[in-house]
Structure formats: structure tokens, C-alpha cells
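Q: predicted model and sequence below, questions to follow.
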Amino acid sequence: MAISEDLRKRVVDLVDVEGLSRRAAAARMCISIASAVRWVQEYHTSGSIGPKAMGGDQRSRAIEQNADYILGLVKRCPDMTLLELRERLITNGTGTFSKSALSRFFARHDLTVKKRRRTRRSKIVQM
């Protein structure tokens, strides 16, 4: 959870307007010294006191850069499992992606691979 902009503004004002050190401003506002240092530094560099974006997708860009290669592998070997595909990507040096990341990749590309059963279902014989 991000800290309110009001508290960030008060810390920055203590440092810039009142001339307190970052350490003293942190002690007065009961926050960590590291937070006070980061907030004041961010204000001086960008002029912003708001929190930065949290969370979000970090890996899809890396897997999307290899989309042509991955889709080509699946086209050549349609019976390849996600784990086999993952091992092939690691061996090739393309990247290390989790099974779930590969699954989300295929979902984004509307590609579903359904495995067929090796044998037909046995019929139940009624007596």
C-alpha cells in the first residue's frame, strides 16, 4: 500500500522549507530514513511526490520478443507440452520462462492445444 501524498509533501516541505535534514524529518514524521531520502530525491529529480506504479506485468515483454520463435516451434511440433517447450527455450538460450508464463502467452495469442487421448475410451458393457 502506498503512503499518502500528504505525508510525502510534509516530509519534503520539512526538508526544503524548514531546512531539516532528511533524517530529522523522518524522525519527526515517524517514517523510515530511507523513505524520506527517496521521497526528497524523487521530488528534486522529477518534481513528483506521488507513489510510483506498483506491481503489473514484468515478463510478458520478454516472452513477446520471442513470439515468432515460440509460435514456429509449436507449429513444427504441435504435440509439445509446455514443459518441453520451456526446456527447449532454455536450451536454445532464448529465455527462462515459467510454465504459467507460457500458458498466459498462448492465451494472449488465442492458441489452445488440446491433447488427444492415446487410446479410445473403453465402453461399458451392460449385462
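A: Thanks, I have it.
Q: can you map out the helices along this structure?
A: Taking DSSP state H as the test, the helices found in the chain are 5-16, 22-29, 33-46, 60-64, 67-76, 82-92, 99-108.
Q: mean pLDDT lowest for which of those?
A: Mean pLDDT per stretch puts helix 60-64 lowest among those, at a mean of 87.
Q: so what touches it?
A: By Cβ atoms under 8 Å, 6 or more residues apart in numbering, the list of residues contacting helix 60-64 from outside reads 70, 95, 97, 101-102, 104-105, 108. Using the backbone N, CA and C atoms, a C-beta is placed for each residue, glycine as well.
Q: what about 7 Å?
A: The list of residues contacting helix 60-64 from outside it, by Cβ atoms under 7 Å, 6 or more residues apart in numbering, reads 95, 97, 101, 105.
Q: so who does the third one touch?
A: The neighbourhood of residue 101, defined by Cβ under 7 Å, 6+ apart, consists of 59, 63.
Q: pull the contacting residues for residue 103.
A: Residue 103 neighbours (Cβ under 7 Å, 6+ apart): residue 82.
Q: any idea how far it is from residue 56?
A: Relative to residue 56, residue 103 is positioned 19 Å away (Cβ to Cβ, to the nearest Å).
Q: look up how far residue 52 lies from residue 43.
A: 13 Å.
Q: these two: which has the busier surroundings?
A: Shown here are residue 43 and residue 52; by other Cβ atoms under 10 Å, residue 43 has more neighbours (18 against 9).
Q: my guess is the more buried one meets residue 37, correct?
A: No. Look at residue 43 against residue 37 with Cβ atoms under 7 Å: they stay out of range, at 11.0 Å.
Q: circling back to that earlier point, nearest to residue 124, of the helices of the chain?
A: helix 82-92 (33.0 Å; Cβ to Cβ).
Q: now do that closest one: which elements does it pack against?
A: Counting contacts by 3 or more Cβ pairs under 7 Å, 6 or more residues apart in numbering; DSSP states H and E, helix 82-92 packs against helix 99-108.
Q: quick one: the helix it packs on to helix 82-92, angle?
A: 100 degrees (axes from the mean of the first three to the mean of the last three Cα atoms, to 10 degrees).
Q: would you point out which residue is most central in the chain?
A: For the chain, residue 58 is the residue whose C-alpha lies nearest the centre (Cα atoms, centre = their mean; 2.9 Å).
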